[in-house]
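Asks: 3D model of this:
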Amino acid sequence: MEDERICGIGRFQPQDARDGDMWQRLRAFCAREPQAFDRDPSTGHVTASAFVISPDLTSVLLTHHAKLDRWLQLGGHCDGTADARFVAQKEAYEESGLSRLRLLSPEVFDVDIHEIPAYAGAPAHLHYDVRYLFVAEVGNIVASAESHALAWVPLDQLQDRTTAESVRVVARKWPVWQGRLGL
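Replies: Numbering: from 1, shown residues only. Next up is the predicted model:
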């Protein structure tokens, strides 16, 4: 599939118009930007995230991001690594303290393109965030230096923790994926 070769991202099955729009914008960005996976704020860049589901499949692990002061999924910059799935898993390990995660599907779970405001001399730019779905298998959560705290948030209470649709999307999509994965 051309998308996999160009972007190092994998397959994605859009569930709605939002998904289709985000995927098309990501594909266009990767096709025109040879350094899509680098961290250049003048062009924007691909980032990778992990929605980590609890072993009982009822909660998602969120980090209270120290710099942004918001509850978010785990993830970060690709920094030149053109394998978003690898980066998402690496960031999830580094930011969670968990000792074993299992990728639930090699397919992309979600794509979210959002603007990062100007900060410390860097201009405002776009993050083309590619998200994958994992389940925690072993370990206790331990916040990294990038985080104020970590929390297992029940999916049916996610709206009480954050108003960000880019995070709340996991609660909306999870039931569909449970069916697809036979969980």
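
Asks: For the host helix or strand of residue 85, which outside residues touch it?
Replies: Using DSSP states H and E, residue 85 falls within helix 84-96. Residues from elsewhere that reach helix 84-96, judged by C-beta atoms under 8 Å, 6 or more residues apart in numbering: 7-10, 37, 46-50, 52, 61, 63, 74-79, 81, 98, 101, 103, 106, 130-132, 134, 136, 139, 141-144, 146-147, 150. For every residue, glycine as well, the C-beta is placed using N, CA and C.

Asks: Going C-terminal from it, what's the next secondary structure element?
Replies: According to DSSP H and E, the helix or strand after helix 84-96 is strand 100-103.

Asks: State the mean pLDDT of that following strand.
Replies: For strand 100-103, the mean per-residue pLDDT is 97.

Asks: can you pull the pLDDT of residue 121?
Replies: At residue 121, the model reports a pLDDT of 88.

Asks: The lengthiest strand in the chain versus helix 84-96: what angle between them?
Replies: Counting by DSSP state E, the longest strand found in the chain is strand 125-138. Strand 125-138 runs at 70 degrees relative to helix 84-96, counting by axes from the mean of the first three to the mean of the last three C-alpha atoms, to 10 degrees.

Asks: Residue 130 is in contact with residue 48, correct?
Replies: Yes - counting by C-beta atoms under 8 Å, residue 48 touches residue 130, with 5.3 Å between them.

Asks: coming back round to it: let's see the longest strand of the chain as CSV, backbone CA atoms only.
Replies: The C-alpha coordinates for strand 125-138 follow below in CSV (Å, rounded to 0.1, in the frame of the first residue of the first chain):
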residue,chain,number,x,y,z
HIS,A,125,3.0,24.7,13.7
LEU,A,126,1.0,21.6,13.1
HIS,A,127,1.4,18.2,14.8
TYR,A,128,0.2,15.3,12.5
ASP,A,129,-0.4,12.9,15.4
VAL,A,130,-0.7,9.2,14.5
ARG,A,131,-2.3,7.1,17.3
TYR,A,132,-2.1,3.4,18.0
LEU,A,133,-3.9,1.2,20.4
PHE,A,134,-2.1,-0.8,23.1
VAL,A,135,-3.1,-2.8,26.2
ALA,A,136,-1.1,-2.7,29.4
GLU,A,137,0.0,-6.2,30.4
VAL,A,138,2.6,-5.9,33.2
